[in-house]
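> Any chance you can model this:
(chains A, B and C)
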Amino acid sequence: MKVYPLRNRVIRIKNYSDGSTGMKKTFTRIFNFVDSKFCYISTLPALIVIVLVVGFPTVLNFYMSFFVKNLMRQATYFNGVGNYVSLVQDPVFWSYLAHTGIYTGGSVAIGFTLALCLALALNSEIRFRPFFIVAILLPWMTPAVSGCIMWRWIIHDIYGLLNFFLIKLGILHQNFFWLGNSFTATLLLILVDAWYRIPLSALILFAGMQRIPLELYDAAKVDGAGRWYFTKNITIPLIKPEILIALVIQSMFTFREFGIPFLFTGGGPGDSTETLALYIYKVGNLFLREGYAASLSVVMFIIITIFVVGYFKAIGEKS
Amino acid sequence: MGQRNEKFIPVEYRNYTSTYDVLDFPPIWCMPDWVDAGWLVPLNDVVPPRMMNQWFPYMVPSTMKDGKIYFIRHQVEPRVIYYRKDLIGNAGYKEMPKDWTGLVNLAKKLTMDKNGDGNIDQWGYGYSASPTGETVHETFGSFLYVAGGKFWNEDGSPAFNGPEGLAALKFMSDLVNKYKVTPPGVISYREGNLTDLLDSGAVAIGEGDCSLMLRILSSKPYGSKIGVTAPIPRYANMKPGKDFRYFSKGIGYCVNRYSKHVEAAKRLAAWVGGYEANWFEGAVELNTPANKAVYESPYLKSRLPFADILLKTAENGRVETHKNMSLFEDILAKGVISAIHQDRTPEKAMDWMVTEMKRQKVF
Amino acid sequence: MKKIKKINWIRVGIYAFLILFIIISLFPLFWMLDTSFKSDEEVFKMPPVWFPSPVRLENYRIFLLQRPFVKYTLNSLIVALSVSALCIGLGAPAAYGFSRFRFRGNRLMFGAILSSRLVPPISFIVPFTMIFSWFKMIDTLQALIIAYIFFNLPFVIWILSGFFKSIPQELDDAARIDGCNNITAFWKVILPIARPGVIAGTILTFLMCWNEFLFALVLTRLNAKTLPIGLYDFFADGFIRANWLAAATIYTLIPAIVFVLFFQKHLIKGILAGAVKA
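Below you'll find the model as predicted:
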């Protein structure tokens, strides 16, 4: 196998092989070996670790999805594609998939719109920009548990501030229980999720806007183009890669999110905000039907992959 | 102990580990499942008949399977009702009403807007029905039992979908939706949250586990004004023990089959079920002991608040164990909550629960 | 005569939008902090008490002593620090290798590493519990560390390769002329230049481990509980006062706030590099 750097050949001036003692010789030999195979020696350990930690469990998960494995009944037997058949016939699975779709779509729609507005605002000539960025970024770094506890305390039906303010403003006359019906529960779940994801998306989009050369702005000013015209016709088309990445990251991470639905609504009321991830957790860890949970998560992985590849294909064809 | 531990024990057992020698659990959470999976050691040889005679008779079946004892109870946790004595007095009542109609009437009087802004700041009646933990199961179970029903028939077929169960579910839903005496947020409250409502005076009457009693009675500012009574039956002419029973969960010790010290663990479990440990449980820890004999101790009676009510509910209690507990609880919680938040009518919710349980092979 | 200053309404609108957004998104943090200083009775007062008096710092002492929160903190710290160290130690050379050398399988391997980010973490709960059960590693910190490497190592490689690519190749060549070989060029020349990226990668890995919830929930029982799970237990069993819960919540935010205040530049750079240069 040939090894060569990207542009120039390695010019080696110092020779390490003039060590005198045996120890030194061995060391030098090892050193030279490592040096000559540095591309493999630097990358292989990480690759091996990833194969062990990601590859093996993925394969095991796929393998397990063909088994019925019920810990409580102490039963494990091969079931072929039986798990997938019962998955397709499972009415609960389809309704939870729909919940996940609504949740993802809502979060991406609201989060992405707000993130774009924020990025545009940050990109205009404002003062204290680092302060604003830091303040926007903070929610993204809070643990999901803490964020959900905070929001639950604010929307609490009796001691919550949201109801207090709404009653003060005269919008409500009576304390309202926000997690008590499917519509407001889903809406709040989407909003809390968006609260988490806006910072990252906004920052990605902002970085894309910073990439646009300043000359373009000046040229546009000379041409007398308005702010809106400029945004629509120059900024947005130029940051297309960032838009794509923000969309992919946000939709992928929301689709597979477990913590926020689990902690914020817990799937309730009833099962109206139960998502696929929550269902996998329950089936695998509470009902102890591990084979079925494995097949559910394989389906989830396939959906995500199709989704992401589709995104890239769709954008790739256009540009 | 976190509320999620019992869900993880089965996963733990796969390791065949001896992390826990003795487990202190309510048998209703785990009894048939764990025994069927072969995780528990029978304790017949360490339980003398004398000790069994001292247990409340209704509790014995829940600790046994196929003639073998797997759990040794040291605590009953009957459900009780907490109420504000002063508020009830203001409403013209000297003691709690005798049936559900009376309860609703009283709760209606207690539901009020104190500062006149149109927003209700004191609710009449509260219970906890959060889907997480075992909250829905216990609350619904309590209403079901005082309506005269039970969860399962002798042959293992469901009995909770009978007329009593429907009445219980309808009552739970009506308290929120029809009579509007219960805050709609109950479907997210756990028992601890209910305690907060009682403490702060947002709820005047609340039903909960008796293990909350000490905390409620010692809370400020209303703790000293709180009274305790047994859950109220559906009709005034129903006799406790005959027409209906009280829900009392109770905790017991069981021994891990993979423990490295099975004999010592068995002896510990047996000691916990004995008179001395139960006396300590009641007189010092102020819990409700599972051994009838200790209630004769005058010292314990003087220490334990509302000892007579606890004894009454414990004597007339009922414990039922469930197969496939976590699946059963999940479906039950979804069904009950969907009836409370009016996603389904109580009848439809009941049908849905039974169909779903059949589909998922709970029974 | 006074000079009339023209108000730029668009700019006012932009400021108003930014400030409004920040107020709404940071309000829960403020309200939690406020709640954590209240006494038991003030918590439930309606209308709410805005400025608790006296400020009760005791809430922080109570929750730290009532449950083993010190232990949870130590667990979290150990896991987060060792995962960051491992991920940087393995990830930095790998990212350098992928971005500097052209060798057989380079793109394939890099693609494989990146695509491992597509695997949803939830699909690992079954295999991980099985594997760690075989080795009797459930409820150990080692299990958590291995599990966290799964989503942090690809991320670190992603971020750092972006950084290395932005460093001109001429620097490597110059280093070689000065007598460096591959190892020393990486260690002595490139790594110091890429230090902001390394710092950013470390901080982000640390934060992700500190905040992680799912695996900590599934893989720990008693001994290896991390801070989010300790907090969840606190909140889930419901037997807790809201002011103690608020204090515990604020306590878990400390690293996020510290990093934001002292390392904001590195952090922002790192996020941008990781997110944009793929």
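> Quick check: the residue of chain A nearest chain C.
Nearest residue of chain A to chain C: A:Ser297, at 3.2 Å (CB to the nearest CB). (Each C-beta comes from the backbone N, C-alpha and C, glycine too.)
> A strand includes that residue, no?
No. Going by DSSP: H, G, I helix; E, B strand; the rest coil, the assignment for A:Ser297 is helix, not a strand.
> In three-state terms, how would the residue lying closest to it once chain neighbours are set aside be classified?
For A:Ser297, the nearest residue in space outside its immediate sequence neighbours is C:Ser123; the separation is 3.2 Å by CB to CB, 6 or more residues apart in numbering or on different chains. Reduced to three states with three-state DSSP, the structure at C:Ser123 is helix.
> burial count for C:Ser123?
C:Ser123 is flanked by 27 other residues according to other CB atoms under 10 Å in any protein chain shown.
> I'd assumed A:Phe287 was in contact with A:Leu71.
No. Counting by CB atoms under 8 Å, A:Phe287 is not a contact partner of A:Leu71; they are 9.3 Å apart.
> which element follows the helix or strand of chain B at the bottom of the mean pLDDT ranking toward the C-terminus?
When the helices and strands of chain B are scored by mean pLDDT, DSSP states H and E, helix B:5-14 comes last with a mean of 60. Per DSSP states H and E, the first helix or strand lying C-terminal to helix B:5-14 is strand B:22-25.
> Contacts only, for C:Met130.
For C:Met130, the contact set (CB atoms under 8 Å, 6 or more residues apart in numbering or on different chains) comprises A:Leu60, A:Met64, A:Glu290.
> at 7 Å what do you get?
For C:Met130, the contact set (CB atoms under 7 Å, 6 or more residues apart in numbering or on different chains) comprises A:Leu60.
> How about the secondary structure of it?
Criterion first, three-state DSSP; result for C:Met130: helix.
> Would you double-check that B:Lys180 falls in a helix?
No. When three-state DSSP is applied, B:Lys180 is found to be coil, with no helix at that position.
> The stretch 101-250 of chain C: helices as residue ranges?
In the stretch 101-250 of chain C, the segments counted as helices under DSSP state H, counting those that start in this stretch are C:106-115, C:125-134, C:141-166, C:169-177, C:182-184, C:191-193, C:195-211, C:214-219, C:227-236, C:242-252.
> and the gap between A:Leu263 and A:Pro57?
Look at A:Leu263 and A:Pro57: by CB to CB, to the nearest Å, they are 25 Å apart.
> just A:Met64 next, same as before
Where A:Pro57 is concerned, A:Met64 sits at a distance of 10 Å (CB to CB).
> Mutual contacts of the two, please.
Overlap between the neighbourhoods of A:Met64 and A:Pro57 consists of C:Pro127, taking contacts as CB under 7 Å, 6+ apart.
> before we move on, the earlier item: my guess is the residue of chain A closest to chain C contacts A:Asn61. True?
Yes. Between A:Ser297 and A:Asn61 there is a contact at 6.2 Å, judged by CB atoms under 7 Å.
> So if I had to pick from the two, which one is more boxed in?
Under the neighbour definition other CB under 10 Å, A:Ser297 and A:Asn61 were set side by side, and A:Ser297 has more, 31 against 24.
> State which helix of the chain is the longest.
Going with chain A. helix A:91-123 (DSSP state H).
> Sorry, I should have been clearer: chain C.
helix C:69-100.
> Give me the distance between that helix and the centre of its chain.
Taking the mean of its C-alpha atoms, helix C:69-100 sits 11 Å from the chain's own mean (CA atoms, centre = their mean, to the nearest Å).
> Which residues of chain A lie near chain B?
Within reach of chain B by CB under 7 Å from any CB of the partner chain, chain A has these residues: A:71-72, A:74, A:157-158, A:167, A:173-175, A:177, A:179-181, A:266, A:268-271, A:282, A:286-288.
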